[in-house]
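A.B. asks: the sequence and its predicted three-dimensional model are supplied below.
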Amino acid sequence: MNRITFFLLFWIFAFTACTSETVNTPKPRGYFRIDFPEKKYQTFNGNCPFSFEYPVYANISVDQERNAQPCWNNLNFPQFNAKLHLTYYDVFSEKAYNEMTEGARALAMKHTVKANAIDQKFINYPDKKVYGVYYAIEGNTASSVQFFLTDSAKHYFRGALYFNERPQYDSLQPVIKFIKKDIDKMIETFKWKN
């Protein structure tokens, strides 16, 4: 085969090979694998008028905010960079009780701007005199779970879950689901001391 035929065949094959359509598909976004610890619980029984069970992989610290009151704590989940803020109030009047319960509802509903959904569930354990409302908030919101518990007479306890991350519900959803089970256990085992 002479040189001219070789170059001619080379260029024919080169141009025909490049005309086939190549479809580039983007790769799906990947996330880090999350290893969840085994569910085990311990009892919080501090100098407060309540007790509950919380996971052994979490720790409780006293709230260090400037306006923090006695029995204000944080349940920290260090491996998930999350914190459940826990506040307690002595209810001294029906008006104060109504203001606190309405305040809890208003704080949960502030998330409607960015929330895809806010599910509200009533908490009712009459044998332990534990009543309240649980708000599960879906979407790219600052808080994904909020709740309050009361005995409808003199105690009011509130919790709100926050992550020290930019809210991205899709990536945080497995962790939120995992921590929600811990919050459910906390509420199920919650007791007033008197």
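C.D. replies: Cool, the structure landed. Residues are numbered from 1 along each chain as shown.
A.B. asks: chain neighbours aside, what residue packs nearest to P55?
C.D. replies: Spatial nearest neighbour of P55, chain neighbours left out: D182 (4.9 Å); criterion: Cβ to Cβ, 6 or more residues apart in numbering. Where you see a C-beta, it was placed from the backbone N, CA and C, and this is true even at glycine.
A.B. asks: again, but for Q168
C.D. replies: Nearest residue to Q168, sequence neighbours excluded (Cβ to Cβ, 6+ apart): N140, at 6.3 Å.
A.B. asks: using PDB, write out the CA atom coordinates for the top helix by length along the chain.
C.D. replies: For the chain, the helix with the greatest residue count under DSSP state H is helix 169-188. Extracted C-alpha coordinates of helix 169-188, given in PDB (Å, rounded to 0.1, in the frame of the first residue of the first chain):
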ATOM      1  CA  TYR A 169     -32.300  18.000  54.100                       C
ATOM      2  CA  ASP A 170     -31.400  15.400  51.400                       C
ATOM      3  CA  SER A 171     -27.900  14.800  52.900                       C
ATOM      4  CA  LEU A 172     -29.000  15.200  56.600                       C
ATOM      5  CA  GLN A 173     -32.200  13.100  56.200                       C
ATOM      6  CA  PRO A 174     -30.600   9.700  57.300                       C
ATOM      7  CA  VAL A 175     -29.100  11.400  60.400                       C
ATOM      8  CA  ILE A 176     -32.400  13.200  61.200                       C
ATOM      9  CA  LYS A 177     -34.200   9.900  61.000                       C
ATOM     10  CA  PHE A 178     -31.700   8.200  63.300                       C
ATOM     11  CA  ILE A 179     -31.900  11.000  65.900                       C
ATOM     12  CA  LYS A 180     -35.700  11.200  65.700                       C
ATOM     13  CA  LYS A 181     -35.800   7.600  67.100                       C
ATOM     14  CA  ASP A 182     -33.700   8.900  70.100                       C
ATOM     15  CA  ILE A 183     -36.000  11.800  70.600                       C
ATOM     16  CA  ASP A 184     -39.000   9.400  70.500                       C
ATOM     17  CA  LYS A 185     -37.300   7.300  73.100                       C
ATOM     18  CA  MET A 186     -36.600  10.400  75.200                       C
ATOM     19  CA  ILE A 187     -40.300  11.400  75.100                       C
ATOM     20  CA  GLU A 188     -41.600   7.800  75.800                       C
END
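A.B. asks: quick check: mean pLDDT of the helix or strand following it?
C.D. replies: Following helix 169-188 in sequence order, the next helix or strand is strand 191-192 (DSSP states H and E). Model confidence over strand 191-192, given as mean pLDDT, is 94.
A.B. asks: partner strands of strand 191-192 and their direction?
C.D. replies: When pairing is defined by DSSP bridges, strand 191-192 lines up against strand 50-55 (antiparallel).
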